[in-house]
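A.B. asks: Here you go, sequence then predicted model.
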Amino acid sequence: MLVNTSATIALLAVIVYPYTQLALAFQPPLQHALASKSSTSHLHSGSVLSATADGGSDMPLPFFASVSEQGSAAPEVAGSTTVTTRLPLGTLFDSRDYIFNAATNVRGYEWTLKETDELFDDLSDVAIGEESPNKHRGDYELSQIVLVPMEWDRASYGLGGRYDVHDGQQRLVTLCLLFAALRESFRNENAPGVDETIEELTSMLNPPKVRKAAVLRIELRKRDNEMLRRILSPDLVDEGKGSMKLNILPPEDWKGLSLTNARILTNYSRLASRVAELTTEQRLCFLDYLIEHVYLLCCVPETPTIARNIVMAQGKGMNTEPIDDFKGLVCFRYTLNEEDMYSTFDKWDTLASMPDAEVGSVGRDNVASACLLRASAALQTKIRKNDEALALENWLRQDLIKHGYEGKEFYAKNIEPASRALQLYRDGSFDSFEFISKGGKETADLQSTIMMRLSFLRGLTTGIASAREAEILVLDLLLKAEGDSHKALALDELDLCLSSVEICALWMAVLRPSPLQRHKRCFDILDILDSGVLLDDMADVVISDDEKTAVREGISQFEFGASPTGKKLAVTMLQRLNTQLLMDIGNKEKTFSHNFVEHILPTNTYRKYWSEQWPDEEIKDAWTHKIGNLALMSRKSTAKESNNVFGEKKDRYKKETAPLTQDVADIDTWNKYALAENHGKHLGLIGKIWGL
């Protein structure tokens, strides 16, 4: 049964994803998978699924959608099991039953000397602490590790099993370093039985199998694995006179190493020095205790998704978010060439570092937000917190199917430009966009108008929770405007679209529709934008006449000054109104960074003047928090200034640069008639700008 691209995407989301979670855990190396990706993938016995990029010629299903090479029926997902077993280190580090891999773990080896010393102190205190009340108190529990089964090539490695480490990487690597330090401490001794002990420890870290390929107990990403490999193998050099030592770099040569390699050498050196302080008898006693009495709780769920949920439920991995899992997928799971993997990984690291314009970094939060916004736009769905990891991967798969490229291209074409655009937008650095910075004098007025609209939208989407969904539209438009010269959205088209998004965001902020309604409205607008047919009356498509009436009435009745959120909305709207007034008289350069509003009629009317002007408490309360009673200010007013009589306030208003605030200074008395007139003036300006 052949289907087109859209059908393929839908089927992947509904059918393939749950099945491939298990398949990915046992998936062959990417080189093998990609080499065979041109073959047809059988999702069910007797059914064939393929994709077409343009709805025409068939395109083979990508490698990541393959469930099994044999084309067997998909496994049942319901009732999947998680096995938890309490095992001593002697069992975990014996034979090849437990071979660990942390190559796809986005977090590297991060333990410092502090954590390494704490582990050594705890274990040695229980095992050999002469004065310690804890000595030989019984078994020592090293808590739980979470492992997911991976593919194991029995023909190459014999009987055994390989596991992806989702929780426990730090402890497992440090335990391997400790066993290696113990092994090397015996190497050049002549005490009885040390050769057997060295062989025992070597087998624990590099478990042998006759006629089979060598394998280490644990492996990290290749770039970060070199020093660990030398230590565990072990890679030895002859110092002369029969003395052997590990072939590792001296401290003065660590500068060029990756951070993980440097940490491994640092921690190994510390453990080696700590072990060297013990007598031979103490070391043997210590080793026996580690093998026989130190336990790990090994939790083995069937899928990575279940594993991550377990880790998060334990309160661990809280600094590992869905965006970090997504990073691993893009850089390693869906990128073939190893050099490209690390190149993409390094670029992502730089991009997600603390915001710094000189190095081109925008911060992890901006990268995460940009990815979620683009995923929501691509999938046209509201992404719930618990669904972020799934949604991001579905977005990635959908895009790879459509364009036929790998993770490295996906990063370059989607993640990096979206992250940079979002950072500039949220930072208010609108003149850094190319469509602004490269514009000429003939488009200066249009550029000023666009920046005014962006500033207003930024205030709404970053400050008003109910308007945040509009950021989906803003980011989409910014990327379209920053596109290739022959595809980029023209400035007049961008201005037209932003005007419509302004109205949509205002509808969200004032009327506060449900999240589902807000998302649906955004997706409807995206469909119009993607159609390439922009209408002069876009606003009429974005919001109905009834909704326009409701928004106008909502603004009129809104209690802006009654809450922090209302004040933020008032500041954003007043900035926009004042900027528009200045632009109408030819001042195209002025923008307002004023972030404060003051109640002209104060909330506290204890002064005689106010009680005379506003004798009716009910009328006063009805008008106090309306937008017509708020003045945009360049600084926060003191309580005395805010509660002062109107004559004193006018002197300050004259010195402000906002036209609407200056206009208040021309009014003689601030009573209900003056306030109502000013309120109507604001509503009139709002109606003129947005057609409300």
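C.D. replies: Good, I have the coordinates.
A.B. asks: so how far is the strand ranked longest in the chain from its chain's centroid?
C.D. replies: Using DSSP state E, we find that the single longest strand of the chain is strand 140-149. Offset of strand 140-149 from its chain centre (CA atoms, centre = their mean, to the nearest Å): 26 Å.
A.B. asks: Repeat that for stretch 504-512.
C.D. replies: That offset, for stretch 504-512, works out to 27 Å (CA atoms, centre = their mean).
A.B. asks: Okay, buried residues for that stretch please.
C.D. replies: Going by neighbour count (16 or more other CB atoms under 10 Å), the buried part of stretch 504-512 is Cys504, Ala505, Leu506, Trp507, Met508, Ala509, Val510, Leu511. For glycine as for every other residue, the C-beta is placed from the backbone atoms N, C-alpha and C.
A.B. asks: any idea of the mean pLDDT for it?
C.D. replies: Mean per-residue pLDDT for stretch 504-512: 94.
A.B. asks: re earlier: from the buried residues of stretch 504-512, which ones fall inside helices?
C.D. replies: Of the positions in these, Cys504, Ala505, Leu506, Trp507, Met508, Ala509, Val510, Leu511 sit in helices, assigned by DSSP state H.
A.B. asks: would you turn the residues you listed into TSV with distance to Ile585?
C.D. replies: Listed next are those as TSV, based on distance: CB to CB, whole Å:
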residue	distance to Ile585
Cys504	28
Ala505	26
Leu506	24
Trp507	29
Met508	31
Ala509	27
Val510	28
Leu511	32
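A.B. asks: Where does pLDDT dip in the protein?
C.D. replies: 1-80, 130-137, 242, 312-320, 484-486, 533-540, 588-592 (pLDDT under 70).
A.B. asks: burial of Asp139, as a residue count?
C.D. replies: The local packing of Asp139 (other CB atoms under 10 Å) involves 12 other residues.
A.B. asks: how close does it get to Leu494?
C.D. replies: Distance, Asp139 to Leu494, by CB to CB, to the nearest Å: 67 Å.
A.B. asks: Lys397: neighbour count?
C.D. replies: Actually, residue 397 is Arg. It isn't Lys. Other residues near Arg397 come to 22 when the count uses other CB under 10 Å.
A.B. asks: packing partners for the helix or strand that contains it?
C.D. replies: For Arg397, the host element (DSSP states H and E) is helix 388-403. Helices and strands touching helix 388-403, by 3 or more CB pairs under 8 Å, 6 or more residues apart in numbering; DSSP states H and E, are helix 5-11, helix 17-25, helix 304-313, helix 322-328, helix 364-379, helix 407-410.
A.B. asks: What residues sit buried inside that helix?
C.D. replies: Neighbour count says helix 388-403 has 388-402 buried, by 16+ other CB under 10 Å.
A.B. asks: And these, which is closest to Ser273?
C.D. replies: For these, the minimum distance to Ser273 (CB to CB) is 41.7 Å, reached by Ala389.
A.B. asks: and the closest one, what does it touch?
C.D. replies: Going by CB atoms under 8 Å, 6 or more residues apart in numbering, Ala389 touches Thr305, Arg308, Pro322, Asp325, Phe326.
A.B. asks: Please look at the third one and Glu393 and confirm they touch.
C.D. replies: Right, Pro322. No: if you go by CB atoms under 8 Å, Pro322 and Glu393 don't touch, sitting 9.2 Å apart.
A.B. asks: And for the residue nearest to Tyr140 when sequence neighbours are not counted, the neighbour number?
C.D. replies: Distances taken as CB to CB, 6 or more residues apart in numbering place Val294 nearest to Tyr140, at 4.8 Å, with adjacent residues excluded. For Val294, the count of nearby residues is 20 (other CB under 10 Å).
A.B. asks: Would you mind measuring from Val294 to Gly90?
C.D. replies: Distance, Val294 to Gly90, by CB to CB: 9 Å.
A.B. asks: Overlap of the contact sets of those two?
C.D. replies: Common neighbours of Val294 and Gly90, using CB under 8 Å, 6+ apart, do not exist here.
A.B. asks: that older thread, of the buried residues of helix 388-403, which is the nearest to Thr381?
C.D. replies: Comparing the buried residues of helix 388-403 against Thr381 with CB to CB places Ala391 closest, at 7.1 Å.
A.B. asks: List the residues that contact the closest residue to Asn671 other than its chain neighbours.
C.D. replies: The shortest distance from Asn671 to any non-neighbouring residue, by CB to CB, 6+ apart, is to Gln613 (4.7 Å). Counting by CB under 8 Å, 6+ apart, Gln613 makes contact with Phe646, Thr669, Trp670, Asn671.
A.B. asks: picking that back up, quick check: of the contacts of Ala389, which has the highest neighbour count?
C.D. replies: Counting neighbours by other CB under 10 Å, Phe326 comes out on top of these with 26 neighbours.
A.B. asks: From Ser353, how far out is it?
C.D. replies: As judged by CB to CB, Phe326 and Ser353 stand 17 Å apart.
A.B. asks: Please apply the same query to Gln575.
C.D. replies: For Gln575 relative to Ser353 (CB to CB), the value is 32 Å.
A.B. asks: Which one's more surrounded, the two?
C.D. replies: Shown here are Gln575 and Ser353; by other CB under 10 Å, Gln575 has more neighbours (21 against 15).
A.B. asks: my guess is the more buried one meets Leu630, correct?
C.D. replies: No: taking CB under 8 Å as the definition, Gln575 is not a contact partner of Leu630, at 11.9 Å.
A.B. asks: quick one, strands of the chain?
C.D. replies: Along the chain, the stretches classed as strands by DSSP E are 41-44, 47-49, 82-88, 99-101, 140-149, 162-167, 218-219, 236-240, 243-246, 294-301, 596-599, 630-633.
A.B. asks: which non-adjacent residue is nearest Val148?
C.D. replies: Asp164 (4.5 Å).
A.B. asks: Then Arg221?
C.D. replies: Nearest residue to Arg221, sequence neighbours excluded (CB to CB, 6+ apart): Ala103, at 4.8 Å.
A.B. asks: Can you give me every residue that contacts that neighbour?
C.D. replies: Going by CB under 8 Å, 6+ apart, Ala103 touches Glu219, Leu220, Arg221, Lys222, Asn225, Phe332.
A.B. asks: Likewise for Leu201?
C.D. replies: Going by CB under 8 Å, 6+ apart, Leu201 touches Phe179, Ala180, Leu182, Arg183, Phe186, Leu287.
A.B. asks: what does Ala674 give?
C.D. replies: Residues in contact with Ala674 (CB under 8 Å, 6+ apart) are Ile667, Asp668.
A.B. asks: Mind doing that once more with 6 Å?
C.D. replies: Listed by CB atoms under 6 Å, 6 or more residues apart in numbering, the contact set of Ala674 reads Ile667.
A.B. asks: One more: Asp399?
C.D. replies: Applying CB under 6 Å, 6+ apart to Asp399 gives the contacts Phe410.
A.B. asks: Next, find the distance separating it from Thr461.
C.D. replies: Distance, Asp399 to Thr461, using CB to CB: 24 Å.
A.B. asks: Next: Glu471.
C.D. replies: Look at Glu471 and Thr461: by CB to CB, they are 4 Å apart.
A.B. asks: repeat for Ala378
C.D. replies: Ala378 is 19 Å from Thr461, by CB to CB.
A.B. asks: One more: Thr603?
C.D. replies: Per CB to CB, Thr603 is found 29 Å from Thr461.
A.B. asks: what about those two, which has more around it?
C.D. replies: Under the neighbour definition other CB under 10 Å, Thr603 and Thr461 were set side by side, and Thr461 has more, 25 against 14.
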